[in-house]
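**Q** how would this look folded up:
(4 chains)
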Number of protein chains: 2
Amino acid sequence: MSHEEQTDLRIRRTHKFLQEAVIAHIIERGFEAITVGDIAERAMINRATFYRHYQDKYDLVARIFEETANHLVAQMQPITKDADNRPTQIPPAIWIAFFTHVAEYARLYRAMLGKNGSSWFAARMREYTITIMLDLEKQWARQMDRTIDPTMPPELPSAQLAQVLIGTIVWWLESEDPYTPRQMATWFHRFAFYGYLVALGYPSPPPERG
Amino acid sequence: MSHEEQTDLRIRRTHKFLQEAVIAHIIERGFEAITVGDIAERAMINRATFYRHYQDKYDLVARIFEETANHLVAQMQPITKDADNRPTQIPPAIWIAFFTHVAEYARLYRAMLGKNGSSWFAARMREYTITIMLDLEKQWARQMDRTIDPTMPPELPSAQLAQVLIGTIVWWLESEDPYTPRQMATWFHRFAFYGYLVALGYPSPPPERG
DNA sequence: TGTCTCGTGTTACCTATGCAACACCGAGGG
DNA sequence: CCCTCGGTGTTGCATAGGTAACACGAGACA
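**A** I've put the predicted structure just below:
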């Protein structure tokens, strides 16, 4: 964050324009048809400069998701524990923000995750979500007492959660009905997080509020 | 034009972003309230870089108009003479393009030319229109035979034309009714250009078409 | 009155980017 | 078969731009 703020203005500009350009192109023509030259031209960035920042177009798209995800996670700090030592904010505003982001770039995510999408992107998104959740678990473990089944692979709940998240998004994007980000956040959270918290060792799911 | 194309990509970017930034700020907050720092920050351009390209915010806005005007003039080349050796294309498509541009940046021009506008901008716009018209007259003079009243100051018709143009724009922007750019182009041309051409020495106004 | 803040211009130094050229590769196409 | 063509990825050099600092002037305000 503040780490991001103090990078050279030119670098921030370059990242921004390349990201906007590739998103626009994905929406218009799909991902596979795009060349690095297309992206660079639209972004008004020299192609050589592209390679100084990203390995290829896959790297660029992957980092777009990662950066927004990081941004969202950074806002997750206000998660606190309630009187019973359980996470509050249910469904967390952060998930509403996340689904709002997905809605905003619906055509992008549909292009990347849908039937003609790039499977590497779904895989990458899953991977990254897992690492994020593992990090968050460590923070929470510091904050709360909980007893974990020692035979359970520790990354399993995160993998399950990531899978539910992507599945929810795909279903949403292909759904006919215009459900709101808040609805999706609620339903995702209700389904995924209670099982997730129980899997992590919380004896009973916290009550729903908000 | 091709001159513009071969300038350094960074310079084109910088100009573009500074121009977009100042226009957005003018529309939002008016011209006088803006500082160079505001423009630079919004454009993601360092303030020092601003001064490498423009003297101050006045210079920037003036050049925006001048560049669009130059662009429009460059498209005026297809003006030809008809069988009677008079300019064709009436009302010229170029004036429709011009009023379309004004419509697009209506809030900008309203802010700059309206009652609370900056009088220097109107003056600058008038000046620049005059120089453009004088240049065009020279080209036409090469192409056509015409007899000019030798006692008439040669820049007067251009000054009159510029004044009519600005007056037409101001009236349009403050008008309640949504006249189209084509209508405005027609009415401007009908009023201003016939007198203009006669003043330049054409014995009779060309017939209306298009 | 002094000084504090804010906007303006300007400068010296460093760096990110543009540009042009290059080799490489895979897909067509004669 | 060779051959072009388009896209990839890389490199050396020139330069536009970022950064931080500076002096200056014009209010605001005690």
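**Q** Residues of chain A that sit close to DNA strand C?
**A** Contact residues (C-beta under 7 Å from any atom of the strand) of chain A with DNA strand C: A:D8, A:R10, A:I11, A:R13, A:T14, A:M44, A:I45, A:N46, A:A48, A:T49, A:R52, A:H53. Every residue, glycine included, has its C-beta placed from N, CA and C.
**Q** between those residues, which has the most around it?
**A** A:I45 (22 neighbours; other C-beta atoms under 10 Å in any protein chain shown).
**Q** is it true that that one lies in a helix?
**A** No. Assessed with DSSP: H, G, I helix; E, B strand; the rest coil, A:I45 is coil; it does not lie in a helix.
**Q** ok, then the element right after the lengthiest helix in chain A?
**A** Ranked by residue count, the top helix of chain A under DSSP state H comes out as helix A:119-143. Sequence order places helix A:156-174 as the next helix or strand after helix A:119-143, per DSSP states H and E.
**Q** and the angle for that following helix with helix A:119-143?
**A** 130 degrees (axes from the mean of the first three to the mean of the last three C-alpha atoms, to 10 degrees).
**Q** Give me the buried stretch members for helix A:156-174, please.
**A** A:157-162, A:164-166, A:168-170, A:172-173 (16 or more other C-beta atoms under 10 Å in any protein chain shown).
**Q** Pull out the buried residues from stretch A:55-69.
**A** Buried-residue list, stretch A:55-69, by 16+ other C-beta under 10 Å: A:K57, A:L60, A:V61, A:A62, A:R63, A:I64, A:F65, A:E66, A:A69.
**Q** I'd like to know which of those residues are part of strands.
**A** If you go by DSSP state E, the buried residues of stretch A:55-69 have nothing in strands.
**Q** which of the residues you listed are close to DNA strand D?
**A** Okay, of these touching DNA strand D (C-beta under 7 Å from any atom of the strand), that's A:K57.
**Q** can you tell me which of the buried residues of stretch A:55-69 are in helices?
**A** A:K57, A:L60, A:V61, A:A62, A:R63, A:I64, A:F65, A:E66, A:A69.
**Q** from what I can see the fourth one touches A:F121, true?
**A** Yes. The pair formed by A:A62 and A:F121 meets the contact definition of C-beta atoms under 8 Å, at 7.4 Å.
**Q** can you list the weak-confidence ranges in chain A?
**A** A:1-5, A:76-92, A:115-116, A:140-150, A:198-210 (pLDDT under 70).
**Q** Up against DNA strand D, what does it have?
**A** By the rule C-beta under 7 Å from any atom of the strand, the part of chain A lying against DNA strand D is A:8-10, A:13, A:35-37, A:47-48, A:51, A:55-57.
**Q** Flag every residue of chain A that's near chain B.
**A** Within chain A, the positions near chain B by C-beta under 8 Å from any C-beta of the partner chain are A:L9, A:R12, A:R13, A:K16, A:M44, A:I45, A:N46.
**Q** Need those residues in TSV (columns: distance to B:A192).
**A** Compiled in TSV, these are given as follows (distance: C-beta to C-beta, whole Å):
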residue	distance to B:A192
A:L9	46
A:R12	48
A:R13	44
A:K16	45
A:M44	38
A:I45	44
A:N46	45
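**Q** which one of those sits closest to DNA strand D?
**A** Each of the residues of chain A next to chain B was scored against DNA strand D by C-beta to the nearest atom of the strand, and A:L9 proved nearest at 3.8 Å.
**Q** Just give the nearest non-adjacent residue to A:W95, would you?
**A** A:A185 (4.0 Å; C-beta to C-beta, 6 or more residues apart in numbering or on different chains).
**Q** Need the phi and psi values for that neighbour.
**A** phi -60, psi -40 (degrees, to the nearest 10).
**Q** Residue nearest the middle of chain A, spatially speaking?
**A** When C-alpha atoms, centre = their mean is applied to chain A, the residue found nearest the centroid is A:A69 (4.2 Å).
**Q** correct me, but it touches A:R126?
**A** No. Using C-beta under 8 Å, A:A69 is not in contact with A:R126; the gap is 11.7 Å.
**Q** For DNA strand C, see how far away the residue nearest to A:W95 is.
**A** Per C-beta to the nearest atom of the strand, to the nearest Å, A:A185 is found 35 Å from DNA strand C.
**Q** Could you do A:I23 as well?
**A** From A:I23 over to DNA strand C (counting by C-beta to the nearest atom of the strand), the distance is 18 Å.
**Q** so who does that residue touch?
**A** Contacts of A:I23 were listed using C-beta atoms under 8 Å, 6 or more residues apart in numbering or on different chains, and they are A:I64, A:Y105, A:L108.
**Q** of all the residues you listed, which comes closest to chain B?
**A** Within the contacts of A:I23, the smallest distance to chain B is 18.1 Å, found for A:I64 (C-beta to the nearest C-beta).
**Q** I'd like to check which residues are in contact with that closest one.
**A** With C-beta under 8 Å, 6+ apart, A:I64 has these contacts: A:Q19, A:V22, A:I23.
**Q** Next, the buried residues of the helix or strand hosting A:H101.
**A** In this assignment (DSSP H and E), A:H101 forms part of helix A:93-104. Across helix A:93-104, burial judged by 16+ other C-beta under 10 Å covers A:I94, A:W95, A:I96, A:A97, A:F98, A:F99, A:H101, A:V102, A:A103.
**Q** same check, this time on stretch A:68-75
**A** Quick answer for stretch A:68-75 (16+ other C-beta under 10 Å): A:A69.
**Q** Export only the CA atoms of that stretch, formatted as PDB.
**A** Taking C-alpha atoms only, stretch A:68-75 is exported to PDB below (Å, rounded to 0.1, in the frame of the first residue of the first chain):
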ATOM      1  CA  THR A  68      -6.900  -6.200  -6.700                       C
ATOM      2  CA  ALA A  69      -7.000  -9.200  -4.400                       C
ATOM      3  CA  ASN A  70      -4.100  -7.800  -2.300                       C
ATOM      4  CA  HIS A  71      -5.900  -4.500  -2.200                       C
ATOM      5  CA  LEU A  72      -9.000  -6.200  -0.900                       C
ATOM      6  CA  VAL A  73      -7.100  -8.200   1.600                       C
ATOM      7  CA  ALA A  74      -5.500  -5.000   2.900                       C
ATOM      8  CA  GLN A  75      -9.000  -3.700   3.700                       C
END
